[in-house]
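Novice: no sequence on this one, just coordinates:
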Ligand SMILES: Nc1ncnc2c1ncn2[C@@H]1O[C@H](COP(=O)(O)OP(=O)(O)OP(=O)(O)O)[C@@H](O)[C@H]1O
Ligand SMILES: [Mg+2]
């Protein structure tokens, strides 16, 4: 079966400002299945936001293609909803109008009442109700703004939801609340989600699969780590799961050491360049715990 | 004093300054000399006539009362009520100004959207902008022929630049994030212009419009002094020729008041479109 979203040999070069060229990433390839929650982790500057902009259709890669649902991605589309890192709410519109802005674009044929009801419903879903929704974004807290931004994206039922460090600016407590809300909505809607984050614990809590990027320049997606912790997950309970620390250690190891070692390694011609699949499952009875180390990785192409 | 709010204290101070200022002004005007005490020279230059001196405020108030109680009388070309004169000036200012806005805002929009256009037009704008609007007057009179239309043209040319520059600047400075929001929602260029770029740039555009109306009101007085006929500028000049300084002082005050009202109107509009980020 063809994957839902397929990113093939994506390369992005920018002028480096001194007349030369900067290759941010080279031949980055990966796939995302329908309904999957995929998180991408990597050091600052490795090109995560650049990849996200390409997936959104807001920017064009130097080479390579993105294929979604059998069609090449060319330009932005309502099928790919974006939650930008800085919320990107329109400051002159009220909270409700911001969400209605998106709904109106998606359903131009709807009456004002329909649009308003739909927007109100999704704001309620992220916990914004009452007179709060008639306030301007500048009168909301950072966490509330982020929720509005998420409501705007979800209300449009995009086939693919792109989240760029959506909780980056939030304190730990608010972060937790919104993560739960996000999981909750995602559970109800079977949405395909692609998310960037810097937070390893957040990634493990949310993701089906974590993509790991090597450091830039010439970064690539090196590994795809499956999160073998059953859902529904709960932040206080997942740490008790036997796989949690094994996965976490693997991620920390990668980001701390291997992302540097693997950086800038040229890819051989003809190589598919798909990320190496890593599956860590200490609960799997088929595996002998003593003999774990070498069995950790299974290359799947 | 402790019970008064900041605004109340400020208002009290304003009134105090006004009263003191008026008293000093009143006291500084020497009492009219009796006619027999005038020297021959004074009699010849007209210094003795009651009209020639700078009037005390009491006279100006009397004049204001007289004029404002019947502002719209019309007794021939040289004797019209202050309301009619100001009406003419406002009509010219608004006509020239609206024409300028009609061109400057859409055009500024296009320039602001395209970096190439911005750079290509910039040298022309930079050269044309600092030209005193009155310098256009002879050319306007020659080409247009009609003095009324020439005055409107001068208003047009002086109010176009701040609006043009501010619109282009505001549009060019719209945050890319907001444009990206429009793009990810598949809005067309027209829809994006009206639902995202216009509201985003509106505060800057309105600042330009406010500067423009201020300049236009400054310029109309000078322009009407040149073209004559009607208007508050002509009125001031005419009263000066009549050596009626009381009317001159009164009309100066009126120019200030109307200018302030025009500015306040745009200030109100500006507040309505301003948003906090
Ligand atoms: N328009 C551009 N022109 C030139 N260089 C760019 C441009 N956009 C991004 N870059 C460069 O590409 C690299 C990757 O940027 P990107 O924003 O994708 O990083 P990131 O992985 O999202 O980092 P962070 O985690 O800090 O957000 C950086 O080195 C940046 O300087
Ligand atoms: Mg980024």
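Specialist: Arrived safely, thanks for sending. Since the structure is predicted, the reported quantities are computational estimates derived from the model, not experimental observations. Ligands and ions are numbered 1, 2, ... in the order given.
Novice: Could you pull up the residues touching the closest residue to chain A within the stretch 51-200 of chain B?
Specialist: Using CB to the nearest CB, the single residue of the stretch 51-200 of chain B nearest to chain A is residue B:185, 3.8 Å away. (C-beta placed from N, C-alpha, C; glycine too.) Residue B:185 makes contact with A:78, A:101, A:102, A:105, A:106, A:156 under the criterion CB atoms under 8 Å, 6 or more residues apart in numbering or on different chains.
Novice: of all these, which two lie farthest apart?
Specialist: Farthest pair in the contacts of residue B:185 (CB to CB) is A:78 and A:101. Separation: 12.4 Å.
Novice: Settle it for me: which of those two has more neighbours?
Specialist: Using other CB atoms under 10 Å in any protein chain shown as the criterion, residue A:78 and residue A:101 rank with residue A:101 on top: 21 against 17.
Novice: Remind me which helix or strand the more buried one belongs to.
Specialist: Using DSSP states H and E, residue A:101 maps to helix A:95-106.
Novice: low pLDDT regions in the stretch 101-250 of chain A?
Specialist: In the prediction, the stretch 101-250 of chain A carries no residues with pLDDT under 70.
Novice: where along it do the helices fall?
Specialist: With DSSP state H, counting those that start in this stretch as the criterion, the stretch 101-250 of chain A has helices at A:112-125, A:142-155, A:172-189, A:200-206, A:235-238, A:242-253.
Novice: ok, residue B:98 to residue B:229 distance?
Specialist: 21 Å (CB to CB, to the nearest Å).
Novice: now do residue B:108
Specialist: 33 Å.
Novice: out of those two, which sits in the busier spot?
Specialist: residue B:108 (29 against 12).
Novice: shouldn't the more buried one be in contact with residue B:161?
Specialist: No: using CB atoms under 8 Å, residue B:108 makes no contact with residue B:161, being 10.1 Å away.
Novice: Show me where the stretch 51-200 of chain B has its helices.
Specialist: B:57-69, B:82-113, B:115-128, B:137-144, B:147-172, B:176-184, B:189-192, B:198-227.
Novice: and residue B:23, which of the ones you listed is closest to it?
Specialist: Residue B:23 lies closest, by CB to CB, to one member of the helices of the stretch 51-200 of chain B: helix B:57-69, at 8.6 Å.
Novice: Next, the angle helix B:82-113 makes with that closest one.
Specialist: Using axes from the mean of the first three to the mean of the last three CA atoms, to 10 degrees, the inter-axis angle of helix B:57-69 relative to helix B:82-113 is 80 degrees.
Novice: For helix B:57-69, the averaged confidence score.
Specialist: For helix B:57-69, the mean per-residue pLDDT is 88.
Novice: how about it: buried residues?
Specialist: Under the neighbour-count criterion of 16 or more other CB atoms under 10 Å in any protein chain shown, helix B:57-69 has B:57, B:59, B:60, B:63, B:64, B:67 buried.
Novice: Go ahead and name everything in contact with it.
Specialist: By CB under 8 Å, 6+ apart, the list of residues contacting helix B:57-69 reads B:22, B:25, B:26, B:55, B:81, B:82, B:246, B:247, B:249, B:250, B:253.
Novice: which of these lies closest to chain A?
Specialist: Closest approach between the contacts of helix B:57-69 and chain A, by CB to the nearest CB: residue B:253, at 38.6 Å.
Novice: Okay, and the closest one sits in which element?
Specialist: helix B:245-273.
Novice: just the strands in chain A please.
Specialist: With strands called from DSSP state E, chain A shows them at A:5-15, A:21-32, A:37-41, A:63-68, A:71-72, A:80-83, A:160-164, A:192-196, A:209-213, A:221-226, A:276-279.
Novice: Can you tell me the closest non-neighbouring residue to residue B:228?
Specialist: residue B:234 (5.2 Å; CB to CB, 6 or more residues apart in numbering or on different chains).
Novice: which residue sits closest to the residue nearest the centre of chain A, ignoring its sequence neighbours?
Specialist: The centre of chain A sits closest to residue A:195, judged by CA atoms, centre = their mean, with a distance of 1.0 Å. Take residue A:195 and drop its neighbours on the chain: the residue closest to it by CB to CB, 6+ apart is residue A:163, 4.0 Å away.
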